[in-house]
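Kindly generate the corresponding structure for this input.
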Amino acid sequence: MARGLEEWLKPRRDGRPLQLGVLGGTFDPIHIGHLVAAEAARVHFRLDRVLFVPAGRPPHKDPAGVSDAEHRYRMTVLATAGNPHFYTTRLELDREGPSYTIDTLTQLSAMAGPGASLYFIAGADSVVTLPSWRGGLGLLDICHLIVVTRPGLPGAVLQNFLDGLPAVRRARVHVLPIPEIGISSTELRERVAAGQSIRYLVPAAVEDYVEKYGLYRPAAPEPAARPAPAGGGPERGPAGGAGQGGEQAPPSPGGDAAVEGRARNAAEGPAGGGAARAWPPAVGNPAARPGSSGVAL
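Numbering: from 1, shown residues only. Alright, predicted model coming up:
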């Protein structure tokens, strides 16, 4: 477990109980809608900190359709770097096997201690499917639930869900309207693939990262076979053929100076002290780093 997360979950220095927001998601890519929701929840509910939890391997999605977890983690670090109340954790990336939101919240609750209160932040479109999640409504026994309302979900659907909850659990669900930002990660991937701009829809550092590593671009077509040169055997291809087309491999720990520099500047842990975040993260074989499924906002 990274020491930075342990520091982040320590009790407040003034002795008051810790109020911790948790926002899980695929973050493929993270965008301003995620950040607006997290900040609105932090301010409205007076949360001390908001923890962003990128999913390592969402079990509800085809792994072939999800970007490498290291890319998604690094984009989330960059996106949250400017807010001293935000922190991004590798918790689900580094945990063995596919895991689920309820497992992550149970682990965080144990780490934060009995005095802490957890507030899980999720979109209304996800919340109405809560009975089908692993652990179902038992999630409300571990944390409060902040439901951010967004365009596209009829109010009656959410109200019917709320009306069906037992009174004790209904009291732990809080609805929070936020500004209508009608964008999604799916739309952003499609825009990049079509050569359209995502400027101002994602933080500038995330836009730069997507461009630098060629994320979400369609794979380049295979080059036509070249005829063998006259009078000889097979022609020797160019050295270092890897990386010609398609998504680039995750950056090596020592090669991304711009990303590392931005992350270091913001990796100082919770406001008021605490250990710095470990950076850069270890980059390994994605297949050897299965994680979990936070619920995408």
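
which residues does Gly15 contact?
For Gly15, the set of contacting residues under the criterion of Cβ atoms under 8 Å, 6 or more residues apart in numbering is empty. To be clear about C-beta, it is placed using only N, CA and C from the backbone, and glycine gets the same treatment.

what ranges do the strands span in the stretch 51-200 of the chain?
For the stretch 51-200 of the chain, strands defined by DSSP state E, counting those that start in this stretch occupy the ranges 86-88, 117-123, 144-149, 173-177.

In CSV: those strands, plus mean neighbour count.
Formatted as CSV, the entries for the strands of the stretch 51-200 of the chain read as follows, by neighbours: other Cβ atoms under 10 Å:
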stretch, mean neighbour count
strand 86-88, 26
strand 117-123, 23
strand 144-149, 22
strand 173-177, 15
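
Out of those, flag the one nearest Val22.
Distances from Val22 to each of these were compared using Cβ to Cβ; the shortest belongs to strand 117-123, at 5.1 Å.

hmm, who's touching the closest one?
The set of residues that contact strand 117-123 without belonging to it, under Cβ under 8 Å, 6+ apart, is 17-24, 37-38, 41, 45, 47, 50, 101, 105, 108-109, 112, 139, 142-148, 150, 174, 295-297.

Give me the angle between that strand and strand 144-149.
With axes from the mean of the first three to the mean of the last three Cα atoms, to 10 degrees as the basis, strand 117-123 and strand 144-149 are set at 20 degrees to each other.

C-alpha coordinates for stretch 208-222, PDB please?
What follows is the C-alpha trace of stretch 208-222 in PDB, where atoms were taken according to Å, rounded to 0.1, in the frame of the first residue of the first chain:
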ATOM      1  CA  ASP A 208      -1.500  17.000 -24.000                       C
ATOM      2  CA  TYR A 209      -1.100  13.500 -22.600                       C
ATOM      3  CA  VAL A 210      -3.700  12.100 -25.100                       C
ATOM      4  CA  GLU A 211      -1.900  13.700 -28.000                       C
ATOM      5  CA  LYS A 212       1.600  12.700 -26.800                       C
ATOM      6  CA  TYR A 213       0.700   9.000 -26.500                       C
ATOM      7  CA  GLY A 214      -1.600   8.800 -29.400                       C
ATOM      8  CA  LEU A 215      -4.600   7.500 -27.300                       C
ATOM      9  CA  TYR A 216      -8.000   6.900 -28.900                       C
ATOM     10  CA  ARG A 217      -6.700   7.200 -32.500                       C
ATOM     11  CA  PRO A 218      -7.700   4.600 -35.000                       C
ATOM     12  CA  ALA A 219      -4.900   2.100 -35.700                       C
ATOM     13  CA  ALA A 220      -2.900   2.900 -38.800                       C
ATOM     14  CA  PRO A 221      -3.500   0.700 -41.800                       C
ATOM     15  CA  GLU A 222      -1.000  -2.000 -42.500                       C
END
